[in-house]
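# After the sequence you'll find the predicted model.
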Amino acid sequence: MTASDQCLFCRIVRGDIPATVVYKGDGITAFRDISPQSPVHVLIVPDVHIGGVADLDLANDELIGRLIRVAANIAREEGIGASGYRLISNQGADAGQSVPHLHVHLLGGARLRLPLV
Ligand code: 5GP
Ligand code: ZN
């Protein structure tokens, strides 16, 4: 049994667990967060298992560039390209990372607050 058998987002990427997928292609999958924190809340993940931003290496640079560009494209498709949005990737305990598979949250559709603490 590999790590990806246990990983929630690997299982969603494979289609073993249902999700509302809004994009799939070029090694990236995007799906709606099950517990949305804003009117638009989409998670964009690499299909390959990467634990988080702390696990990235040089070989992932192209993939991550594409992932960010896909996020911006989804934002346009979701109708928040002009109103604005936030991309967040939580890393580790203080950030509240709960799923150890790299993901970028696309949040928008309302005025988002700062500061976070
Ligand atoms: P994190 O807290 O790790 O940055 O983000 C994990 C996100 O995954 C949370 O926003 C949480 O709501 C979402 N999530 C957890 N389980 C599921 C699930 O089974 N399906 C979907 N679509 N999202 C999930
Ligand atoms: Zn995974």
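Received it, and whenever you're ready, just let me know what you need. Ligands and ions are numbered 1, 2, ... in the order given.
# can you give me the strands in this structure?
21-25, 28-32, 40-46, 85-88, 104-108 (DSSP state E).
# And these: which comes nearest Arg14?
The closest of those to Arg14 is strand 28-32. By Cβ to Cβ, the value is 9.4 Å. Where you see a C-beta, it was placed from the backbone N, CA and C, and this is true even at glycine.
# Check which helices and strands that closest one sits against.
Secondary-structure packing of strand 28-32 (3 or more Cβ pairs under 8 Å, 6 or more residues apart in numbering; DSSP states H and E): helix 8-14, strand 21-25, strand 40-46, helix 61-77.
# now that strand against helix 61-77, angle please.
Angle, strand 28-32 to helix 61-77, by axes from the mean of the first three to the mean of the last three Cα atoms, to 10 degrees: 40 degrees.
# mind checking how far strand 28-32 is from the chain centre?
7 Å (Cα atoms, centre = their mean, to the nearest Å).
# again with stretch 42-49
5 Å.
# Select the helix or strand of this protein having the lowest average pLDDT value.
helix 3-6 (a mean of 82; mean pLDDT, DSSP states H and E).
# So which elements touch that one?
Against helix 3-6 (3+ Cβ pairs under 8 Å, 6+ apart) you get helix 8-14.
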